[in-house]
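**Student:** dropping the sequence and predicted coords here.
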Amino acid sequence: MPLHNRLKEYRARLDINQSEMGRLAGVSRQTISQIERGDYSPSVTLALRLAKICGVTVEDIFSLDETEDSYEKD
């Protein structure tokens, strides 16, 4: 299931660039860019850190696209 995110939107609300978000989260600007593009799924720890920086829950930023049948149902 693809992981969708609204990180760019929340980062814009904070009026900070990718480099600053990366510095606050302890990762590189490139990692923030990859997350925003959907090319990289963050660890649970990083997702929690990003949510805390944005002042929201992880679910506010990240969501799964459950419409795709890319997994087997029980």
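**Tutor:** Cool, the structure landed.
**Student:** can you tell me what sits against the longest helix along the chain?
**Tutor:** Longest helix in the chain by number of residues, with DSSP state H as the criterion: helix 44-54. When contacts are defined by CB atoms under 8 Å, 6 or more residues apart in numbering, helix 44-54 is touched by residues 7, 10-11, 13-14, 21, 24-27, 35, 42, 57-58, 60-62. Using the backbone N, CA and C atoms, a C-beta is placed for each residue, glycine as well.
**Student:** in that helix, what's buried?
**Tutor:** For helix 44-54, the neighbour count (16 or more other CB atoms under 10 Å) marks 46-47, 49-51, 53-54 as buried.
**Student:** ok, now stretch 26-37?
**Tutor:** Result for stretch 26-37 [16+ other CB under 10 Å]: buried residues 27, 31-33, 35-36.
**Student:** what's the mean pLDDT across it?
**Tutor:** On average, the pLDDT along stretch 26-37 is 98.
**Student:** what are the contacting residues of it?
**Tutor:** Applying CB under 8 Å, 6+ apart, the set of residues contacting stretch 26-37 from outside is 5, 7-8, 11, 17-19, 21-22, 25, 40-42, 46, 49-50.
**Student:** show me how to select, in PyMOL, the buried members of those.
**Tutor:** A single PyMOL command selects the buried members of these (16+ other CB under 10 Å):
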select buried, resi 5+7+8+11+18+21+22+25+42+46+49+50
